[in-house]
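> build me a model:
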Amino acid sequence: MKTNEEESILLVPEDQEVFELTIESNTIYPTEMLRADGGDNPNKLKFKGPSISGEQTKKFKLFRVHNQLNADEANKSLAVYGAPALGQWREAFKKKYPRPDGKGPIAFTGSEWLDPYRRRAYPFLLDGSTAWYSGFRWFDHGINISWRIAFEIK
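Below is the predicted model:
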């Protein structure tokens, strides 16, 4: 039998289902995302932007793409629907949907972090058994059908 807490946890939206996320005024800082992910050296990646400031509520969908060479190509293939979700939306998503659904990782490819070699990275969520694992992935890595990309819809 489910507890009241378990019943109140929202289920992760299905692919292409509209959902809303809210960021409260300046509560999610791009530089703190690295530290929260438990990186051994949060200064390895520098935030390039763009960022979110102030309180905002936006509508999103999760999309899958077939075998793209990299995140830029995946973003281009989905541009007709809107814009890739900025990286800070990852934290709002994790807060609203704390339990993963086992249906694959979710990429937030609208913001960039750079390493000392100028390689670009974006934040993502990987579904663990009871909680999300969050991290950063290189833009030049391929994206296949197992990945979902969060897009802010028009």
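> hey, let's count contacts and neighbours off CA atoms from now on
OK.
> what stretches of the protein score poorly on pLDDT?
1-8, 25, 38-43 (pLDDT under 70).
> how about the helices in it?
Ranges of helices in the chain, per DSSP state H, are 4-8, 30-36, 71-78, 89-96.
> for the third one, which outside residues touch it?
Spelled out, it's helix 71-78. Outside helix 71-78, the residues that touch it by C-alpha atoms under 8 Å, 6 or more residues apart in numbering are Phe63, Val65, Gln68, Ala83, Pro84, Thr109, Phe139, Asp140, His141, Gly142, Ile143.
> mind listing what's buried along that helix?
Within helix 71-78, the residues that count as buried by 16 or more other C-alpha atoms under 10 Å are Ala71, Asp72, Glu73, Ala74, Asn75, Leu78.
> could you check how far the last one is from Trp138?
It refers to Leu78. Separation of Leu78 from Trp138 (C-alpha to C-alpha, to the nearest Å) stands at 19 Å.
> how about the second one?
Separation of Asp72 from Trp138 (C-alpha to C-alpha) stands at 11 Å.
> want to try CSV for the helices of the chain, with distance to Thr130 as columns?
What follows is the helices of the chain, written out as CSV (distance: least, C-alpha to C-alpha, whole Å):
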stretch, distance to Thr130
helix 4-8, 12
helix 30-36, 18
helix 71-78, 27
helix 89-96, 12
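> so which of these gets nearest Ile23?
Closest to Ile23 of the helices of the chain, according to C-alpha to C-alpha: helix 89-96, at 6.2 Å.
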